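>>> Here's a sequence, model it:
(2 chains)
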Amino acid sequence: MATVLDNVQLGPIVRTVTLDTTADYEEILGIGNPLHLDEEYARETPFGGIIAHGMISLAYVSEMMAQAFGRGWYEAGELDTTFVRAIRPGDTIITSGKVTGQRRTSEETLVVCEIYCENQLGERVLEGTAQARAAGPVQGIPEIGA
Amino acid sequence: MREFAIDEIEVGHNFSPLVFPIDEDLIAKYVDTVGDRDPLHRDPSCARSAGYRGLVAPPTIAALYVLKAYRTDFALPSGGVHFRQRFKFHHPIVAGDILSVQASVVDKYVKKGRQFLVIESTARNQDGVPVVWSESTSFWPK
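Numbering: from 1, shown residues only, chains lettered A, B, ... in the order given. Modelled structure (predicted):
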């Protein structure tokens, strides 16, 4: 269900990533990458310890977008993100987003958002852009040429 | 599965397709792991009354098959770092869907002493409808 955008700020989703989170994620993934599971192995890598899958923070970003755009996210969502810093077990991840532009056609309005995630120290762990179909034009947001 | 050296991986390589079924159990495990409380992902009757065929998967559930779809023929070298991820969601994924995922190597380059590899994939559901496009960029420290 698409909701009406009454605020150009998105989020936040706030989640703490634990050792259980990375172990559970690795289990459903079924790959068994020791970087996400085995502290002894991970200590010998350039990361110096277990890190979480970047894709976990992307799930939080997607949840933020789904809350704002509903079906317009499931059917017309786009993400382009860079994992700029490793997430460690124990980190709290805070998602943020802002609608920065819109693209209007006769059929639909697509909104463009800047998105990022920070950890509890305010360091960015993920940044990029997202796009979704909005229920209608968003007031006060510049239009981007088609 | 044998681990390939980067030099053995060719741009244009099409991986063997991956068949990836989505069921309620997988969706439940996924949303429990990432902490998503939206009833669309937890209550099939809520999803149906919202007009979906069944329990709706969060679209980033695609991450689960994306990372597998380029392991169907050989394993990538260990030590790779997932650096950039792009997704385009075209159609909702719901419980009962059987996805066919085709991944291919689209680029390979060295930048600032790091070896990059770009892999693209498209997933279609059982009706042949494209549901998600993905592009994953990883690098290996040299």
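>>> hmm, the helix or strand of chain B with the lowest mean pLDDT in reach of chain A?
One helix or strand of chain B scores below all others by mean pLDDT, DSSP states H and E: helix B:62-69, with a mean of 92. Yes. Remark: helix B:62-69 sits within contact range of chain A at B:A63, B:L64, B:L67, B:K68, by Cβ under 8 Å from any Cβ of the partner chain. All C-beta spots, glycine's among them, are computed from the backbone N, C-alpha and C.
>>> I'd guessed the first one sits against A:M55; true?
Yes. Counting by Cβ atoms under 8 Å, a contact exists between B:A63 and A:M55, whose distance comes to 3.9 Å.
>>> Compare the two and say which one has the larger neighbour count.
Legend: neighbour count by other Cβ atoms under 10 Å in any protein chain shown for B:A63 and A:M55, higher for B:A63 (28 against 22).
>>> Straight-line length of stretch B:102-120, end to end?
8 Å (Cα to Cα, to the nearest Å).
>>> follow-up on the earlier one: pipe the residues of helix B:62-69 next to chain A into TSV and attach distance to B:I98 per row.
Shown next, in TSV, are the residues of helix B:62-69 next to chain A (distance: Cβ to Cβ, whole Å):
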residue	distance to B:I98
B:A63	18
B:L64	14
B:L67	19
B:K68	15
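>>> Okay, and B:G79 sits in which element?
Secondary-structure assignment from DSSP states H and E places B:G79 in no helical or strand segment.
>>> Distance of the spatially closest residue to it that is not a sequence neighbour relative to A:D91?
In space, and not counting its chain neighbours, B:G79 is closest to B:W140: 5.8 Å by Cβ to Cβ, 6 or more residues apart in numbering or on different chains. With distances taken as Cβ to Cβ, to the nearest Å, B:W140 is found 24 Å from A:D91.
>>> Kindly report the residues of chain B close to chain A.
Within chain B, the positions adjacent to chain A are B:26, B:29-30, B:32-36, B:38, B:50, B:56, B:58-60, B:63-64, B:67-68, B:71, B:79, B:82-92, B:141 by Cβ under 8 Å from any Cβ.
>>> Show me the residues you listed that map onto strands.
Using DSSP state E, the subset of the residues of chain B next to chain A located in strands is B:H82, B:F83, B:R84, B:Q85, B:R86, B:F87, B:K88, B:F89, B:P141.
>>> so what's B:I98 up against?
B:V19, B:F20, B:P21, B:I22, B:N125, B:Q126 (Cβ atoms under 8 Å, 6 or more residues apart in numbering or on different chains).
>>> Also B:V132?
B:P59, B:A62, B:F87, B:K88, B:F89, B:H90, B:I93, B:T122, B:A123.
>>> and the two most separated of those residues?
Pairwise distances across the contacts of B:V132 (Cβ to Cβ) peak at 14.1 Å, for the pair B:P59 and B:T122.
>>> Compare the two and say which one has the larger neighbour count.
Just comparing B:P59 and B:T122: by other Cβ under 10 Å the higher neighbour count belongs to B:P59, 26 against 18.
>>> Now do the strands in chain A.
Secondary structure of chain A, counting by DSSP E: strands at A:9-10, A:14-16, A:78-83, A:92-104, A:109-118, A:124-134.
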